[in-house]
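*Asks:* Pasting a predicted model and its sequence here:
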Amino acid sequence: MRKIQALIVFFIFAALASSCGGIYEQESGGNPLSDADGDSKIIRAAKDAYVFGFPLVYGEIMKTFMTNPLPGSSNKPVNVFSHASAPADDKFKNFPYPDRDMIYSFVWIDVSKEPLLFEIPFSQQINSSFVIFNAWSDLIASSRADFADVKRVFRFAVSGPGWAGTLPEGFKEIRSHTSSAFFVYGVKVSSSSGFYETLNKHRQSFKTSLLSSYGKIYIVQKMKYSYNDSLSKEPPLKQMQALPVSEFFNMLNSLMLSNPPFERDADTLDNTLDIGVAPGMRFDPEMFSDAVMNEIKYLPEQFFISDNIVKDGGQVWNKLPEFKNGSGYYARAKAAFKNISASIDPQALRFIAVSDAENAELDAQANKYLLRFSKNNFPKAGVSWTAAVYDADGFLIKNPANKYSLGYLNNLKKNKDGSVDIFIQKTSPGKSNESNWLAANGVFKIVLKISPSPSATPFDETKLPEIMKRK
């Protein structure tokens with residue numbers, strides 16, 4: 001009955017839509033397919049459905065992974081704070097390209113039945129911010145935009161679709177169009193004395209409570225902390241890459257019942273309806289020819305291959321995609337797995353390099369590299385910056401020194417001319433240069449993050465450091 005109701009709503013909703021070209025072709029630069037070719041229309045609709053649904057399915061896989069208390073992890077059940085004790089390292093697999101100058105706290109939110117209330121003290125001793133995404137990875141609230149005047153305690157409640165009621169006095173409602181949401185809190189790492197002690201004391205007073213439990217002693221059942229060994233231990237990104245396209249579409253159809261699409265999505269869903277992708281429907285691979293299925297089964301592989309960043313206009317460095325509502329399905333899908341961190345520190349500049357000055361792939365197994373800042377464009381005092389090395393999937397690289405980035409917290413050795421070299425290679429560059437060494441192994445990427453400061457000289461992003469091979 002629930003599926004029938006969902007489909008009735010959907011058909012009324014879709015009837016208002018008009019046909020449009022494929023989002024995959026429009027936004028990713030792919031070649032349009034002939035409308036006259038039936039198989040081509042099906043393949044195009046499948047591509048559109050994959051890009052459209054990627055954030056919802058990927059988010060569900062992330063939630064399952066991050067709320068399963070893996071041994072040695074800080075994972076907690078839904079609606080409970082999970083606090084990292086330090087910046088991300090090689091064990092961090094929640095999402096690619098975590099910032100190295102941030103310490104994270106997370107809450108995966110389930111408001112399918114009632115709102116979840118948050119109480120977070122404001123602190124002038126730490127530099128922090130938070131964001132909340134709905135299940136489609138749309139930004140629905142941020143401390144910078146929605147709570148700029150708070151000086152004591154952030155009090156807000158995330159409510160789900162269809163909820164109507166009264167919140168306790170002093171709580172601001174954050175309406176989520178979806179039953180699932182994701183809260184991310186980031187604290188900028190500081191070299192000040194007692195930073196970690198201050199941070200830990202501050203986070204001890206963070207509270208979440210379901211509305212029905214507010215004002216009572218809220219105890220999370222111990223059974224919810226039990227580790228589920230049947231769930232995949234693979235990082236969410238790896239799980240997503242391996243998920244068969246038929247399972248993806250049926251997972252999407254199921255998730256859309258409790259996390260409904262928006263009115264703006266009518267055109268896209270009108271196109272995907274014919275292949276069995278809509279709230280409550282079933283995608284049946286038996287309905288399609290072998291030729292069609294042989295094409296669409298490679299959609300995950302094609303999507304992630306298209307993620308490879310290449311030189312653009314002769315530039316070694318490219319900007320990482322930003323989280324911006326309304327930027328299009330393709331951009332939304334890319335940002336959903338590639339740059340979650342950007343939403344926490346939106347003023348920061350983030351650049352990624354996958355090749356050296358000769359346009360050759362970065363490979364520490366075959367070469368040694370220098371990342372050279374000129375004297376005039378080395379970040380000035382007061383500028384928060386990091387250079388970090390990630391593997392081909394965007395995860396930090398395990399190394400014997402447990403050093404994953406260099407930047408504003410490090411005392412880097414300068415050359416006689418005032419330039420600064422960062423050595424990126426598999427083995428030590430020698431005792432005298434180890435302060436400036438980042439270990440890498442195999443194919444890797446470099447991410448440079450720079451957070452401008454109003455009191456510091458602006459960083460000239462047209463003069464980014466050179467990446468060169470060394471003997």
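*Replies:* Looks like it arrived, so ask away. What you see is a predicted model; the values in this text were computed from it and never measured.

*Asks:* Tell me the secondary structure at the residue located most distally from the centre of the chain.
*Replies:* Relative to the centre of the chain, and counting by Cα atoms, centre = their mean, the farthest-placed residue is residue 416 at 40.1 Å. Under DSSP: H, G, I helix; E, B strand; the rest coil, residue 416 falls in the coil class.

*Asks:* ok, and the closest non-adjacent residue to residue 167?
*Replies:* Distance criterion Cβ to Cβ, 6 or more residues apart in numbering; nearest residue to residue 167, sequence neighbours excluded, is residue 157 at 5.1 Å. From N, CA and C alone the C-beta is placed, and that goes for glycine too.

*Asks:* Tell me how far the residue farthest from the centre of the chain lies from residue 441.
*Replies:* 31 Å (Cβ to Cβ, to the nearest Å).

*Asks:* before we move on, what about residue 247?
*Replies:* Applying Cβ to Cβ to residue 247 and residue 441 gives a distance of 33 Å.

*Asks:* Make sure the residue nearest to residue 167 is indeed in a strand.
*Replies:* Yes: counting by three-state DSSP, residue 157 falls inside a strand.

*Asks:* which residues touch it?
*Replies:* Going by Cβ atoms under 8 Å, 6 or more residues apart in numbering, residue 157 touches 115-118, 167, 171-174, 211.

*Asks:* sorry, back to before: and residue 247 and residue 441? Which one has more around it.
*Replies:* Set side by side, residue 247 and residue 441 show more neighbours around residue 441, with 16 against 12, by other Cβ atoms under 10 Å.

*Asks:* Surely residue 369 is within a helix?
*Replies:* No: Residue 369 is assigned strand when assessed by three-state DSSP, not a helix.

*Asks:* which residues are in contact with stretch 376-385?
*Replies:* Counting by Cβ under 8 Å, 6+ apart, 101, 188, 348, 373, 407-408, 418-420, 448-453, 455-457, 459-460, 463-465 sit against stretch 376-385.

*Asks:* any idea what sits nearest residue 94, other than its immediate chain neighbours?
*Replies:* residue 66 is the one closest to residue 94 (Cβ to Cβ, 6+ apart), at 5.6 Å.

*Asks:* Need the three-state assignment for residue 209.
*Replies:* Put simply, residue 209 is strand when judged by three-state DSSP.

*Asks:* likewise residue 130?
*Replies:* Residue 130 is classified as strand under three-state DSSP.

*Asks:* What sits closest to it if chain neighbours are left out?
*Replies:* Using Cβ to Cβ, 6+ apart, the closest residue to residue 130 is residue 185 (4.2 Å).

*Asks:* One more: residue 437?
*Replies:* residue 423 (4.6 Å).

*Asks:* after the one helix or strand that neighbour maps to, next one along is what?
*Replies:* Element membership for residue 423 (DSSP states H and E) is strand 420-425. Once the chain leaves strand 420-425, the next helix or strand it forms, by DSSP H and E, is strand 437-439.

*Asks:* Could you please name the strands that following strand pairs with and the direction of each pair?
*Replies:* strand 420-425 (parallel) (DSSP bridges).

*Asks:* Below-threshold pLDDT in the stretch 301-450 of the chain: ranges please.
*Replies:* 306-315, 321-327, 339 (pLDDT under 70).

*Asks:* for the stretch 101-250 of the chain, same thing?
*Replies:* Across the stretch 101-250 of the chain (using pLDDT under 70), the flagged ranges come out as 217-231.

*Asks:* Now do the domain split for the chain, please.
*Replies:* Using automatic domain parsing, the domain parsing of the chain gives 2-61+236-305, 74-211, 317-470.

*Asks:* Residue 249 - how many residues pack around it?
*Replies:* So residue 249, with other Cβ under 10 Å, has 26 neighbours.

*Asks:* ok, the nearest residue to it once chain neighbours are set aside to residue 104 distance?
*Replies:* Excluding the flanking residues, the one nearest residue 249 by Cβ to Cβ, 6+ apart is residue 283, at 3.7 Å. Look at residue 283 and residue 104: by Cβ to Cβ, they are 35 Å apart.

*Asks:* just residue 141 next, same as before
*Replies:* Distance from residue 141 to residue 104, by Cβ to Cβ: 17 Å.

*Asks:* Likewise for residue 92?
*Replies:* Counting by Cβ to Cβ - residue 92 and residue 104 are separated by 9 Å.

*Asks:* joint contacts of these two?
*Replies:* 84, 98.

*Asks:* Counting neighbours, go ahead and name the busier of these two.
*Replies:* residue 104 (22 against 18).

*Asks:* In the one helix or strand that one maps to, which residues are buried?
*Replies:* Assigned by DSSP H and E, residue 104 belongs to strand 102-110. Within strand 102-110, the residues that qualify as buried are 102-110, counting by 16 or more other Cβ atoms under 10 Å.

*Asks:* now those residues in CSV, with distance to residue 241?
*Replies:* Converted to CSV, these look like this (distance: Cβ to Cβ, whole Å):
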residue, distance to residue 241
102, 25
103, 28
104, 23
105, 27
106, 22
107, 26
108, 21
109, 26
110, 26
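
*Asks:* ok, of these, which one's closest to residue 298?
*Replies:* Distances from residue 298 to those, taken as Cβ to Cβ, are shortest for residue 108 (30.7 Å).

*Asks:* How about the contacts made by that closest one?
*Replies:* 63, 66-67, 78-79, 180-183.

*Asks:* hmm, 10 Å instead?
*Replies:* Contact analysis of residue 108 by Cβ atoms under 10 Å, 6 or more residues apart in numbering lists 59-60, 62-67, 75-80, 82, 180-183.
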